[in-house]
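Visitor: Starting from these lines, generate the structure:
(chains A and B)
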Amino acid sequence: MSIAIQANNLVKKYGEVIALDGLSLEVEQGTVFGLLGPNGAGKTTAVRVLTTLLSPDSGTAIVDGVDVLKDPVHAREIMGLSGQNASVDENLTGIENLIMLGRLFRLPKKEAIIRANDLLERFNLNDAAKRIVKTYSGGMRRRLDLAASLIAKPNILFLDEPTTGLDPRSRLMMWEVIQNLVNEGTTVLLTTQYLEEADQLAKKIAVIDKGKVIAQGSADELKTQVGGERIEVVVSLSQSQAAAQALQSMSSGKVVVEGDHVQVPVSGGGVKVVEAVRALDIAKIEIKEIQLRRPTLDDVFLSLTGHHAEEIKVEEDIAPKKGRR
Amino acid sequence: MNPRSITEQYASKHGKIYWLLHDSSVIAWRNLLRFKRNPEVLFFDVVQPIIFILLFAYVFGGAIDVGDSSYRSFLIPGIFVQTIAFAGASAAIGLNADMNSGIIDRFKSLPMNTTGVLLGQNLADLVRSVITLFIMSLTGFAIGWRISGGFTNAVIGYLLLLAFGFSMAWIGSTIGLSVSSPQVASTAGFAWLFPLTFLSNAFVPTETLPTWLRFFAEWNPITSIVAAARYLFGYPMEVAPDAPFSLQHPIITTIIWLVVITAIFMPLAAKKFRKATSR
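Guide: This next block holds a predicted model:
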């Protein structure tokens, strides 16, 4: 497997604020790579650097063999970008936008028109093709923006929070589109603050916080990192200690009792639930509730950073604002 | 090796200048589409020139004495120049609006020549200026203004006016890229034009001004282009033998001004644009 996107030790400072603090990552060709982190973690800054919109203070970035910092024009030829704010012209129609961008992507006029129509069809926008973008819904704009980034059929695609602000239906639609692109061989780097999204789409995830990658791996690997699965049993308060004893032998770690909740780290999945039920039955302990819990990416975030992913959402994404002028 | 995108296949087929002109024409097309859908623009381009011509001709027409040529003949080239100069504000507003929308990120992420965004905006404004000049000329014609300097001179006169608009647009572009919001861009885009157009010979002869203002007015590029236009449309102004070079040779002075202004502000605007990012 070859590496399609490689960032090495990227640093970007805005005065005192460090937006990127030595960020490094590698993305395998033909896979989805998820950059996961709360607002202000540096996700957008990272994408802006990788897509030539921003120069880092130091570090290197190679995309599909092209040095992004040394040869930005060539880099722009071979990658697509769909940003957080749909970057299309609100005063043009959908088809006008795509034709304009196609021509700016160096396509001859005829080819630009054909390509625009293809993409509108593919993204279910043909009915709205001749409507001014101002009248589009959020989901339609996002799809048009994604279509715009695909005009030149790039091998590499950067998606900055592709589903932020979308309703659940539009989100599912977007996921499907992204999945299809990857099936066709496109390499995708996407940023998201939705744990579920990274889990769903990405083969590999990098969790970033304060401009640095703090953990990397597949969703499963990251979850294992915080202790794998556990069985949670709820029993009556008086029986919780007895339950803990009964379950200790099947546990892969230390059983924790919190009031009437008993947490049993296990490895082996569903079979272990059956075992636990048997053990408790033998010990004549009544089960109020029992479930197998796999850690969510939020658990991962919590254990890595000491705070929940959502807690620091209020922090502003400092990077783009300061970049102006 | 297989191309990594369609763009990679085509990009190398032409040189830099070709692509700059290509990109500029695409952006110009896009801006003209935008104008077409904007009723304010229609007002600025069509209604305002008519109002200006009629207003100045009938309100000031009787009150201002400019010597032997009639005030209307004196006035119309002045209004042409003022209106064309004001079109420079359009660049300020248009570019600033782009800067404040997501589209700028899109343009910057494309393999296009980003100077094409500026050039395209200004080419589209040039098309608007052609329309504006045409309408003003018709209105002028309706109230008795005639071109009497010959066909060739008239063509040169119109071309000079358009070139003037083009160079003003680069000042407007620089302003639009320097201020933060579209509201400021619209104010700042116009603000400098008022003293510049009124401290000139556009509406009153410069002889009536106090000495220090007179010096400014005589060397004001607006004065040169107005004097040049009057000459080319066949109503040359009387020039005193001790008048400065700018009044003796208005066409040459105008051309020098246009070259100097464009040479300063075009690269300045391009540089500002490259440095700027959205939001």
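Visitor: Please make it C-alpha for all contacts and neighbour counts, starting now.
Guide: Noted.
Visitor: looking at it, residue B:73 is touching residue B:143, isn't it?
Guide: No: using C-alpha atoms under 8 Å, residue B:73 makes no contact with residue B:143, being 10.4 Å away.
Visitor: Show me which of these two is the more surrounded one.
Guide: A direct count of neighbours by other C-alpha atoms under 10 Å in any protein chain shown for residue B:73 and residue B:143 places residue B:73 higher, at 20 against 14.
Visitor: From the geometric centre of chain A, which residue sits farthest away?
Guide: Largest separation from the mean C-alpha position in chain A: residue A:284, at 45.6 Å (C-alpha atoms, centre = their mean).
Visitor: Now do the SS call for that residue.
Guide: Applying DSSP: H, G, I helix; E, B strand; the rest coil to residue A:284 yields a three-state assignment of coil.
Visitor: Quick check: phi and psi on it?
Guide: phi 60, psi 40 (degrees, to the nearest 10).
Visitor: Give me the local confidence score for it.
Guide: Residue A:284 carries a pLDDT value of 91.
Visitor: give me every residue that touches residue A:294.
Guide: A:223, A:228-230 (C-alpha atoms under 8 Å, 6 or more residues apart in numbering or on different chains).
Visitor: Check it and give its pLDDT.
Guide: Residue A:294 is given a pLDDT of 76.
Visitor: That one and chain B, how far apart?
Guide: 39 Å (C-alpha to the nearest C-alpha, to the nearest Å).
Visitor: Quick check: that residue vs residue A:269, distance?
Guide: Applying C-alpha to C-alpha, to the nearest Å, the value for residue A:294 to residue A:269 is 9 Å.
Visitor: Neighbours of residue A:274, how many?
Guide: Considering only other C-alpha under 10 Å, residue A:274 is surrounded by 10 other residues.
Visitor: And for residue A:125, the neighbour number?
Guide: 21.
Visitor: Now the element after the lowest-mean-pLDDT helix or strand in chain B, going C-ward?
Guide: Lowest by mean pLDDT, DSSP states H and E among the helices and strands of chain B is helix B:39-42, with a mean of 77. Counting by DSSP states H and E, the next helix or strand C-terminal to helix B:39-42 is helix B:48-55.
Visitor: Hmm, residue A:49 and residue A:56 touching each other?
Guide: Yes: using C-alpha under 8 Å, residue A:56 is in contact with residue A:49, at 6.3 Å.
Visitor: Helices of the stretch 101-250 of chain B, start to end?
Guide: All helices of the stretch 101-250 of chain B, identified by DSSP state H, counting those that start in this stretch, fall at B:103-109, B:115-142, B:151-178, B:182-191, B:193-198, B:211-219, B:221-232, B:245-248, B:250-275.
Visitor: so what secondary structure elements neighbour the second one?
Guide: Identification of packing neighbours for helix B:115-142 by 3 or more C-alpha pairs under 8 Å, 6 or more residues apart in numbering or on different chains; DSSP states H and E yields helix B:16-36, helix B:48-55, helix B:71-99, helix B:151-178, helix B:250-275.
Visitor: rewinding a little: got any residues that touch both of residue A:294 and residue A:269?
Guide: Common neighbours of residue A:294 and residue A:269 (criterion: C-alpha under 8 Å, 6+ apart): residue A:229.
Visitor: got any ranges where chain B has weak pLDDT?
Guide: B:1-2, B:61-69, B:277-279 (pLDDT under 70).
Visitor: got the contact list for stretch B:209-224?
Guide: B:81, B:196-197, B:199-202, B:206-207, B:244, B:246-247, B:250-251, B:253-254, B:257.
Visitor: Ok, stretch A:193-209 next?
Guide: So stretch A:193-209 is contacted by A:25, A:31-39, A:41-43, A:161, A:175, A:179, A:192, A:213-219, A:296-298, A:301, A:305, A:309 (C-alpha under 8 Å, 6+ apart).
Visitor: 6 Å instead?
Guide: A:32-38, A:41, A:213-219, A:297 (C-alpha atoms under 6 Å, 6 or more residues apart in numbering or on different chains).
Visitor: Okay, the residue lying closest to residue B:29 once chain neighbours are set aside and chain A: tell me how far apart.
Guide: Leaving aside its sequence neighbours, residue B:29 sits nearest to residue B:124 (C-alpha to C-alpha, 6 or more residues apart in numbering or on different chains; 7.2 Å). Distance, residue B:124 to chain A, by C-alpha to the nearest C-alpha: 15 Å.
Visitor: next one: residue B:118
Guide: According to C-alpha to the nearest C-alpha, residue B:118 stands 14 Å off from chain A.
Visitor: Neighbours of that residue, how many?
Guide: Neighbours of residue B:118 (other C-alpha under 10 Å): 24.
Visitor: do residue B:214 as well
Guide: Residue B:214: 18 neighbours (other C-alpha under 10 Å).
Visitor: can you check residue B:27 too?
Guide: Neighbourhood size, residue B:27 [other C-alpha under 10 Å]: 25.
Visitor: And residue A:205, by the same measure?
Guide: Per other C-alpha under 10 Å, the neighbour tally for residue A:205 reads 27.
Visitor: Alongside chain A, which residues does the stretch 101-250 of chain B contribute?
Guide: B:102-103, B:106, B:109-112 (C-alpha under 6 Å from any C-alpha of the partner chain).
Visitor: at 7 Å instead, please
Guide: Selection of the stretch 101-250 of chain B residues close to chain A by C-alpha under 7 Å from any C-alpha of the partner chain yields B:102-103, B:105-106, B:108-112.
Visitor: Would you enumerate the residues in contact with the spatially closest residue to residue A:28 that is not a sequence neighbour?
Guide: Spatial nearest neighbour of residue A:28, excluding adjacent residues (C-alpha to C-alpha, 6+ apart): residue A:3 at 4.6 Å. If a contact means C-alpha atoms under 7 Å, 6 or more residues apart in numbering or on different chains, then residue A:3 has A:26-29 as its contacts.
Visitor: let's go with 6 Å and repeat that
Guide: A:27-29.
Visitor: So which of the residues you listed sit within strands?
Guide: A:27-28 (DSSP state E).
Visitor: And the contacts of residue A:3, which is closest to chain B?
Guide: residue A:29 (12.4 Å; C-alpha to the nearest C-alpha).
Visitor: is it true that that closest one touches residue A:4?
Guide: Yes: the pair residue A:29 / residue A:4 is scored as a contact, 4.8 Å apart, by C-alpha atoms under 6 Å.
Visitor: ok so, going back, for the contacts of residue A:3, give me TSV that also has neighbour count and pLDDT.
Guide: Shown next, in TSV, are the contacts of residue A:3 (neighbours: other C-alpha atoms under 10 Å in any protein chain shown; pLDDT from 0 to 100):
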residue	neighbour count	pLDDT
A:27	22	95
A:28	18	94
A:29	20	93
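Visitor: Now tabulate the contacts of residue A:3 in a markdown table and tack on distance to residue B:53.
Guide: Converted to a markdown table, the contacts of residue A:3 look like this (distance: C-alpha to C-alpha, whole Å):
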| residue | distance to residue B:53 |
| --- | --- |
| A:27 | 64 |
| A:28 | 67 |
| A:29 | 65 |
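Visitor: which stretches of the stretch 151-300 of chain A form helices?
Guide: A:168-183, A:195-201, A:219-225, A:240-248, A:270-282, A:297-305.
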